[in-house]
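K.L.:
Mind looking at a prediction? Sequence and model below.
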Amino acid sequence: MTDKQLTVALSKGRIMTDTLRLLHEAGIPVPEDIEESRKLILESPDGSIRYILAKPVDVPTYVEYGVADIGIVGKDVLLEAERDLYELLDLGIGRCRMCVCGLPDSKGGMVSRVASKYARIAANHFRNQGQQVEVIYLNGSVELAPLIGLADRIVDLVETGRTLAENGLVIHEEILQISTRVVANRMSFRLKSEQIDSLVARLRGVTEQTERTVTGGGLQQ
Ligand SMILES: Nc1ncnc2c1ncn2[C@@H]1O[C@H](COP(=O)(O)OP(=O)(O)OP(=O)(O)O)[C@@H](O)[C@H]1O
Ligand SMILES: O=P(O)(O)OC[C@H]1O[C@H](OP(=O)(O)OP(=O)(O)O)[C@H](O)[C@@H]1O
């Protein structure tokens with residue numbers, strides 16, 4: 001690794017393909033076999049960028065500790081992690097909504113139980129609303145909780161709404177819009193400003209193009 005090299009932590013999984021497409025469109029060098037390979041650290045062909053492939057929930061940790069200069073990760077993960085990072089850019093991919101959901105007739109009683117993979121976001125939301133709730137952490141398939149009586153509501157991501165619909169659940173309230181963000185380590189942002197500015201400017205170029213195209217087509221963001 002050289003001083004000039006940037007280490008970029010990418011989120012494996014759902015947002016990986018769109019992230020790689022944007023990097024490619026922005027002219028940022030990416031190893032050809034990055035999606036097929038089982039390697040977790042890969043260098044770009046010109047050696048300017050080292051990519052690390054991480055679980056989304058771990059990306060803010062790598063960036064805060066400075067083992068990655070840059071991270072690409074969902075706003076949901078950032079809000080839940082509350083790490084001390086600079087958020088530089090909204091890539092406009094991985095769009096979905098963080099919502100309070102449940103059975104159609106459940107609005108929460110005096111002290112309701114709320115299940116979520118986003119325990120901190122859920123707790124903050126209900127605290128801000130002055131509602132007393134018990135938040136129960138679950139790691140996935142959160143929609144199960146109201147169906148089997150573990151909780152009366154959930155806080156979870158909704159994209160197409162299919163998972164809710166197929167399980168007889170509805171949205172009671174939208175908390176916030178989610179999309180994928182570019183974040184930087186605070187020290188790297190100063191020490192590698194030239195490389196980081198260039199990377200963000202290139203990505204901003206293709207992100208704005210995408211947004212213009214979508215808006216031009218008459219679709220609502
Ligand atoms: N329908 C969706 N459900 C979940 N995440 C979505 C959705 N649409 C976009 N996203 C974004 O993609 C990210 C989730 O990716 P993924 O499902 O691969 O991660 P994960 O749930 O942390 O992984 P794992 O299931 O392996 O624990 C979220 O952090 C969010 O920003
Ligand atoms: O509105 P939809 O398009 O149906 O998408 C929303 C679903 O997708 C995510 O789950 P994921 O597939 O990541 O599985 P998980 O429940 O194990 O987290 C999310 O937690 C919802 O369950």
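P.N.:
In hand now; what should we look at? Ligands and ions are numbered 1, 2, ... in the order given.
K.L.:
For this protein, which residues are neighbours of ligand 1?
P.N.:
13-15, 56-57, 74, 76-77, 94, 96, 140, 157, 159, 178 (CB under 6 Å from any ligand atom). Using the backbone N, CA and C atoms, a C-beta is placed for each residue, glycine as well.
K.L.:
Quickly note the distance from L203 to I70.
P.N.:
Using CB to CB, to the nearest Å, L203 is found at 10 Å from I70.
K.L.:
quick one on the thing from earlier: pipe the residues of the chain next to ligand 1 into a markdown table and attach pLDDT and secondary structure per row.
P.N.:
Shown next, in a markdown table, are those (pLDDT from 0 to 100; DSSP: H, G, I helix; E, B strand; the rest coil):
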| residue | pLDDT | secondary structure |
| --- | --- | --- |
| G13 | 96 | coil |
| R14 | 97 | coil |
| I15 | 97 | coil |
| P56 | 98 | helix |
| V57 | 98 | helix |
| G74 | 98 | strand |
| D76 | 98 | helix |
| V77 | 98 | helix |
| G94 | 97 | coil |
| C96 | 98 | strand |
| G140 | 96 | coil |
| L157 | 98 | strand |
| E159 | 98 | coil |
| I178 | 98 | strand |
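K.L.:
Which one of the residues you listed is nearest to I49?
P.N.:
Checking those against I49 by CB to CB gives I15 as the nearest, at 17.9 Å.
K.L.:
Was I right to think that closest one contacts I93?
P.N.:
Yes: using CB atoms under 8 Å, I15 is in contact with I93, at 6.2 Å.
K.L.:
residues in contact with the residue most central in space within the chain?
P.N.:
Among the residues of the chain, the one closest to the centroid is G74, at 0.9 Å (CA atoms, centre = their mean). By CB atoms under 8 Å, 6 or more residues apart in numbering, the residues touching G74 are 11, 15, 56, 94, 178-181.
K.L.:
let's see 7 Å
P.N.:
Residues in contact with G74 (CB atoms under 7 Å, 6 or more residues apart in numbering) are 15, 56, 94, 178, 180.
K.L.:
thinking again about what came up before, between L203 and I70, what contacts are shared?
P.N.:
V182.
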